[in-house]
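**Q** Here you go, sequence then predicted model.
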Amino acid sequence: MSDIKSYRVRRAGEVAGVWREKGSTISLTDRQAQELAPPFGHVVELITGDKDEVDGKLARRQRRNRKAAE
């Protein structure tokens, strides 16, 4: 059984049978979000603990300011 994760709606539209506005938060299983979340879709994005972090990636300004490998 899949764990339920929180996702943020990126585009207003019907998600899981209900109209959702951009920016609203919904809970989906991995299987439900499979075609809605990147890399297959761009309707929802995974919410992580850090507000600048989305789907485990660095934000643009963080990526630009990272230290080079030695």
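**A** Ah, there it is.

**Q** Which parts of the protein are helices?
**A** 30-33, 60-64 (DSSP state H).

**Q** excluding its backbone neighbours, what's nearest residue 9?
**A** Excluding the flanking residues, the one nearest residue 9 by Cβ to Cβ, 6 or more residues apart in numbering is residue 20, at 4.5 Å. Backbone N, C-alpha and C define where each C-beta goes, glycine included.

**Q** Residue 44 now?
**A** Using Cβ to Cβ, 6+ apart and skipping the chain neighbours, the partner closest in space to residue 44 is residue 7 (4.0 Å).

**Q** What residues does that neighbour make contact with?
**A** By Cβ atoms under 8 Å, 6 or more residues apart in numbering, the contact list for residue 7 reads 25-28, 33, 36-37, 44-47.

**Q** at 10 Å instead, please
**A** In this structure, residue 7 makes contact with 15-16, 20, 24-28, 32-33, 36-37, 43-47, 55, judged by Cβ atoms under 10 Å, 6 or more residues apart in numbering.

**Q** re earlier: worst average pLDDT in the helices of the chain?
**A** Ranked by mean pLDDT, these end with helix 60-64 at the bottom, a mean of 59.

**Q** How many residues are close by residue 20?
**A** Neighbourhood size, residue 20 [other Cβ atoms under 10 Å]: 20.

**Q** so it makes contact with residue 28?
**A** No: if you go by Cβ atoms under 10 Å, residue 20 and residue 28 don't touch, sitting 11.1 Å apart.

**Q** what residues are shared contacts of the two?
**A** Residues touching both residue 20 and residue 28 (Cβ under 10 Å, 6+ apart) are 7, 44.

**Q** now the chain, which segments are flagged as low pLDDT?
**A** Within the chain, the stretches with pLDDT under 70 are 1-2, 49-67, 70.

**Q** Distance check, residue 35 against residue 19.
**A** 18 Å (Cβ to Cβ, to the nearest Å).

**Q** likewise residue 44?
**A** Distance, residue 44 to residue 19, using Cβ to Cβ: 14 Å.
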